[in-house]
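Q: make a model of this:
(4 chains)
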Amino acid sequence: MRGALGPAVDVPLRRTLPRITDRLALLGAVLIVLITLAAVLAPWLAPYPADRLDPVLGLSPPSAEHWFGTDSLGRDLLTRVMHGGRTSLIIAVATLALSAGVGVTLGVVAGYAGGWIRDVIMRITDVFLAFPALLLSVALAVVLGPSVTTVIVAIAVTWWPWYARLAASTAASIATRGYVDAARCLGVPAPLIILRHVLPNALTPVLVQISLDAGGVILIAAALSYLGVGAQEPTAEWGLMVVQSQTLFTTNWWAVTFPGLAILVTAFAFNVLGEGLRGALDPRSVRT
Amino acid sequence: MPRYLTRRLGQAFLVVAGVVALTFVIMRVVPGDPAVAFAGPKATPEQLAAARERFGLDDPLPVQLWNYVRDLVTGDWGTSLRTRQPVLDDLFQAFPASLELVGAALLLAIVVGVPVGVLAARYKAKFPDLGVRVTSMLVVSVPVFWLALTLQTVFAGHLDWFPVAGEYDRVLDTTSPLTLWTNITIVDALITGNWPIFTSTLEHLVLPTLVVAAYPMGVIAQMTRAALIEEAGQDHTRLERALGFTETSILTRFSLRPALGPVLSLIALVFAYAIVNGFLVEAVFNWPGLGRYAVQSISHADTPAIAGVTLLVAVMYVVANLVVDVLQGVVDPRARAR
Amino acid sequence: MIEVRDLQVRYGERTVARVPELDVREGECVAIVGESGSGKSTTLLSLLGLTEGAHVSGHVRVCGVDVLQAAPRRLREIRGARVALVMQSPQAALSPATRLGTLMRRALKLHGVGGGRIEQVMRDAMETVMLEHRILRRYPHEISGGQAQRFAIALAIALGAEVILADEPTSALDVTVQAEVVGVLRRLREERGLALLLVSHDLALVSTIADRVLVMKDGEVVEAGEAAVVLAEPSHPYTRELLEALP
Amino acid sequence: MTMLRAEGVTLGYGGTPVVHDVTLDITEGGVGLIGESGSGKTTLARAFLGLLTPMSGNIWYGDQTLKKADQRRFRKDVQPVFQAEALDPRMRIGGSVAEGLSRGERHRVPELLRQVGLAPELAERRPHQLSGGQRQRVVIARALAVGPRLLILDEPTSALDVTVQARILDLLASLDTERLLITHNLAVVGRLCRTSHVLFAGRVVEAGPTAELLDRPAHPYTLALRDAVPKLGGPPPVARGRTEARPAETGCPFRLRCPLAAAACERAPALREVAGRQVACHRAEDVLGG
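A: As a prediction, this is how the structure comes out:
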């Protein structure tokens, strides 16, 4: 007698996709496409070259020539915001790929093997979970020096445990399914069972989680740059742009507002899309 | 239950031990030579040697780790490079203010988030639900430091409704000095009946609390909504309908309690998140808490101080999880059986 | 007690159940038999207006209330108090964080059973289904499947229901436990004149308890009549197939 | 010599035994293992499949214990048919059937599908596109692929509608393999198994020729089981004894539920030969006498 299994763990993603009739999630998807296009095509689409200085035009308010205004060095803010999108997306993709890669590998092994192997891996996971992401990142940045790479490594180090946990619990429930037992009875070796049955079926919730996490990663990356341990001049990065102009907020609102809005909209887009995906899959497995 | 609790305590202890080891690795092993960091880049060889001697850097690593653990346990968390004070003293000074801010924020987040989640679940797919979903998604997606700057500029700067920064008006320290009991200003002001400081702190709290509460409020509302909708799909909801209960009564009297389980485990996570988010907010509002201390330490590359804050926050996370696990049993009888 | 004419339940374009005629009289046991997807459970739930998101048409009278026309308030008055529901999943049908006694007390108060009488009513109901009184202090996960089903019946007794709608009440139970639950239902029918509408896939079980039978397949009633007649001389090929499949 | 045999096997999870000291031969003509939820029947099946190592006692495969036996041969000889979720939702049917075949043998998939009464075209489909009965046929085809001599059937039809159930049972009966059938359904055992074992709380309480067992039970639990099963047009099912009483920790495990329990039952009864079968009951003669 097997216990009740969680809802729809091994439902392939493509079968849940058509169920997303949710308009909000659709809005998120459209926004993400637009933001990605703007970021990828920034060198060609942006109205000005990325680093063109124009001290005469320093801190001019939004106008027909400069829709978002200019910063204190006279750089066009719309251009900088578009280029900032590149930085944010690169960070998000690299961080999530790194942490999901490590986390899912460890998690699937832990979940399938069970016993002491699972215990050891899960305790290590707990340690990294207890570490505040922001602070570990800061510590690493102090050590490695502030840069985009530091941000990626630092966030990934604190982020993989989530995927390990998720993959472990999914894999553990898949390990009790009849098709895994059947494969064992056919003499299929354990590594092959993991690759053939456990991993593919454990992937759907992970993919959903990744789309949910993208927003969070972008927020943390911006916060790190805001703290001065992330991207450095002259890289265009939204958090960095906010911190550079924050003292001028009262007089030059646009210099802080537009980069901030860019972060907000991007994080929002990823969050609603991820939530829509999860809703289609399982309304309950929620975490921060 | 007691056996389960002992096991959880054991696990928590292991995690704390792991955190200490990890901190040690990051602080002592990765940076290369901490002696340079302490004595400064222009230090003479003699000064360097003295620093080495002082930190025991010539000992083998396991001995250093052992010494590190021994120092931590005996209350020696190192000396801040910036304030030149024991880190533990600095932490004790800053911690209560952070607790004040985060406590207020979480209270607000729960008091608003749970009812709002219930509202959304009751009118699922109708207008209130859509409103709650969009709003909660927005507050979860907003960068805290930017929200802090914006609220500060608009409500404190332009409109002048609230004070710009600080914990309370420092002038009051001379006109009505505060007697310290718990070191948490608002609590001390309340129990000693120091109304000028109490109201001043309250005024100063509003904006930073709103900013720190934004994220937790959003996730708690989302989680409450999701958990309630999940409960509504369970068989028992159908039985309760068949017994003649109204939808609202089913939601609040039968579904809310089992739904609070997942919300509770979320609160432990959100607590840790709020503390760290609080760091950015404290820096903006010049709140005299851990966050301001951490941010200042970061800009001075004050490694012992950063390590201290990291360790403290990690321990708090572990403790918060333990507390939530115990509460879980109170809320959900099924959890007690485990 | 129950009078159904030309009932049709649709989800969007799809008709999931069509019942031209179904009557349950006092003290009578009527069974709807069919395999999965036959629409038997949907039919049962539509009698209490519990099919969410479905479009229900026709004429349904339950205990004198026109279910499809009645105001929600009027419908809630007969739910529980006059018509009770027993579901398939035993413990899952009870709210996990509510003690059984609390649930029963809330339901009694809802239907106007006064303070002083409540304890006596609860004691009697539990005795009727042969459950110990202390079970009322338990949570759903602390009782067995058979106990949960008997508790659901006790709820019906306590509230004074005249009809029990039972949706596969024993298919999640072991046979020995099933015999016990069926025994309780039979006794209530004899002693109290309780009417019973039973949905089941088990022809053998139905043959031992039902007066009349409706056989459903793919949303349609393929055969209806006296249980003894239908099961002895089935006229529809599907009924015959069902009977032959019995091991 | 029988192919598979449990000898004094005790099984459990995390140190808590759920099956106690069971000795069972899988003899010719089909062996039934009858029990209700919590009886330990699935646990015993997993031990026979080598998915669970006994806490004590041995599973014998021919003249060797399962641990020492040639795994390749054992895996080819003994195959399971489980009740549900036995197909990987992402795999095509053909892939599932071919799981036990080498690359060179994959051409046998259509033939195997036909053998279980399925159209070979189904090989391209995925499980959710098939009906419950079709899926169960695929599971059987996958097991047959490696040419097993023994099938361990764990509730092979209990998740299916009755009409489908009947056809799957026909298919199983037509197969040329030995079988151990695990079920709660007495009628199914009567059809497929020459001998049967009744399991209560992890112990064999009665074992013998299936027909004898069902006609004249000698253990009060077998009797209760038989009389609880409703029969078409028959008398209403009878509940004997208190079903909610837990199995007793000491003495006869059934005594708290047993209407015949006597003082003697506080001693654990051993299996003994009564009227052509094995019974673990002090009062077997009284049960037989009615």
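
Q: when you work out contacts or count neighbours from here on, use the C-alpha atoms and nothing else.
A: Noted.

Q: what is the burial count for D:E105?
A: The tally of other residues near D:E105 (other CA atoms under 10 Å in any protein chain shown) stands at 11.

Q: how close does it sit to D:L52?
A: Going from D:E105 to D:L52 by CA to CA, to the nearest Å gives 30 Å.

Q: just checking, what packs against the host helix or strand of A:T204?
A: Following DSSP states H and E, one finds A:T204 within helix A:199-226. When contacts are defined as 3 or more CA pairs under 8 Å, 6 or more residues apart in numbering or on different chains; DSSP states H and E, helix A:199-226 packs onto helix A:77-113, helix A:133-144, helix A:148-175, helix A:238-245, helix A:253-281, helix B:127-141.

Q: go through it and flag the buried ones.
A: A:199-226 (16 or more other CA atoms under 10 Å in any protein chain shown).

Q: between it and helix A:133-144, how big is the angle?
A: If you take axes from the mean of the first three to the mean of the last three CA atoms, to 10 degrees, helix A:199-226 sits at 70 degrees to helix A:133-144.

Q: check what pLDDT the residue nearest the centre of chain D gets.
A: Central residue of chain D (CA atoms, centre = their mean): D:I182, 1.6 Å from the mean position. pLDDT, D:I182: 93.

Q: and it, that's in a strand?
A: Yes: assigned with DSSP: H, G, I helix; E, B strand; the rest coil, D:I182 falls within a strand.

Q: shouldn't it be in contact with D:D154?
A: Yes: taking contacts as CA atoms under 8 Å, D:I182 lies within contact range of D:D154: 4.8 Å.

Q: mutual contacts of those two, please.
A: Taking CA atoms under 8 Å, 6 or more residues apart in numbering or on different chains as the contact rule, D:I182 and D:D154 both touch D:T42, D:A45.

Q: what's the angle between the helix holding A:T204 and helix A:77-113?
A: 140 degrees.

Q: now helix A:199-226 and helix A:238-245, what's the angle there?
A: 10 degrees.

Q: please state the offset of helix A:199-226 from the chain centre?
A: 3 Å (CA atoms, centre = their mean, to the nearest Å).

Q: in what helix or strand does D:V19 lie?
A: Short version, using DSSP H and E: D:V19 is in strand D:16-25.

Q: touching chain A at all, that strand?
A: No: interface with chain A: strand D:16-25 contributes nothing (CA under 8 Å from any CA of the partner chain), its closest point being 11.9 Å away.

Q: for the closest residue to chain C within the stretch 151-290 of chain D, which three-state class applies?
A: Taking CA to the nearest CA, chain C has its nearest neighbour within the stretch 151-290 of chain D at D:L232, 4.2 Å off. Secondary structure state of D:L232, per three-state DSSP, is coil.

Q: that one against C:T208, yeah?
A: Yes: D:L232 is within contact range of C:T208, at 7.1 Å (criterion: CA under 8 Å).

Q: if I look at D:G50, how far off is D:S96?
A: 21 Å.

Q: my bad, C:E180
A: Taking CA to CA as the measure, C:E180 falls 42 Å from D:S96.

Q: for A:A183, same thing?
A: A:A183 is 9 Å from D:S96, by CA to CA.

Q: compare those two (neighbour count), which wins?
A: For the pair A:A183 and D:S96, the greater number of neighbours falls to D:S96 (27 against 23), based on other CA under 10 Å.

Q: pretty sure the more buried one is touching D:D88, no?
A: Yes: using CA under 8 Å, D:S96 is in contact with D:D88, at 7.3 Å.

Q: and stretch D:164-176, what's buried?
A: Quick answer for stretch D:164-176 (16+ other CA under 10 Å): D:V164, D:Q165, D:A166, D:I168, D:L169, D:L172.

Q: pLDDT weak spots in chain C?
A: In the predicted model, chain C carries pLDDT under 70 at residues C:247.

Q: next secondary structure after the lengthiest helix in it?
A: As assigned by DSSP state H, the longest helix anywhere in chain C is helix C:175-192. Next in sequence after helix C:175-192, counting helices and strands by DSSP H and E, comes strand C:195-200.

Q: what comes up buried for stretch D:117-137?
A: Going by neighbour count (16+ other CA under 10 Å), the buried part of stretch D:117-137 is D:L118, D:P120, D:L122, D:A123, D:R126, D:P127, D:G132, D:G133, D:Q134, D:R135, D:Q136, D:R137.

Q: three-state assignment of the first one?
A: The one in question is D:L118. Going by three-state DSSP: D:L118 is coil.

Q: what sits against A:L264?
A: Taking CA under 8 Å, 6+ apart as the definition, contacts of A:L264 comprise B:L138, B:S141, B:V142, B:P143.

Q: farthest-separated two in those residues?
A: Within these, B:L138 and B:P143 form the most distant pair, 10.0 Å apart (CA to CA).

Q: the more surrounded of those two?
A: The neighbour comparison of B:L138 against B:P143 (other CA under 10 Å) goes to B:P143, with 26 against 20.

Q: contacting residues around that one?
A: A:L219, A:A222, A:A223, A:G260, A:I263, A:L264.

Q: my guess is the first one contacts A:L261. True?
A: Which is A:L219. No: assessed by CA under 8 Å, A:L219 is found out of contact with A:L261, at 11.7 Å.

Q: please name the nearest non-neighbouring residue to D:G147.
A: Distance criterion CA to CA, 6 or more residues apart in numbering or on different chains; nearest residue to D:G147, sequence neighbours excluded, is D:K76 at 6.4 Å.

Q: what stretches of the chain score poorly on pLDDT?
A: In the absence of a named chain, chain A is used. A:1-21, A:52-59, A:133-134, A:142, A:281-288.

Q: meant chain D, my bad for not saying
A: D:1, D:84, D:290.

Q: related to what we said a few turns ago, list the contacts of the residue nearest to the centre of chain D.
A: D:G32, D:L33, D:I34, D:G35, D:K41, D:T42, D:A45, D:I152, D:L153, D:D154, D:E155.

Q: for B:L256, which non-adjacent residue is closest in space?
A: B:L256's closest residue in space is B:L228 (CA to CA, 6+ apart), at 6.6 Å.

Q: for the helix or strand hosting that neighbour, packing partners?
A: In this structure, B:L228 is located in helix B:195-232 according to DSSP H and E. Here helix B:195-232 touches helix B:87-122, helix B:127-141, helix B:144-151, helix B:185-191, helix B:256-285, going by 3+ CA pairs under 8 Å, 6+ apart.

Q: could you dump these to CSV with mean pLDDT?
A: Formatted as CSV, the helices and strands packed on helix B:195-232 follow (pLDDT from 0 to 100):
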stretch, mean pLDDT
helix B:87-122, 90
helix B:127-141, 89
helix B:144-151, 87
helix B:185-191, 77
helix B:256-285, 83
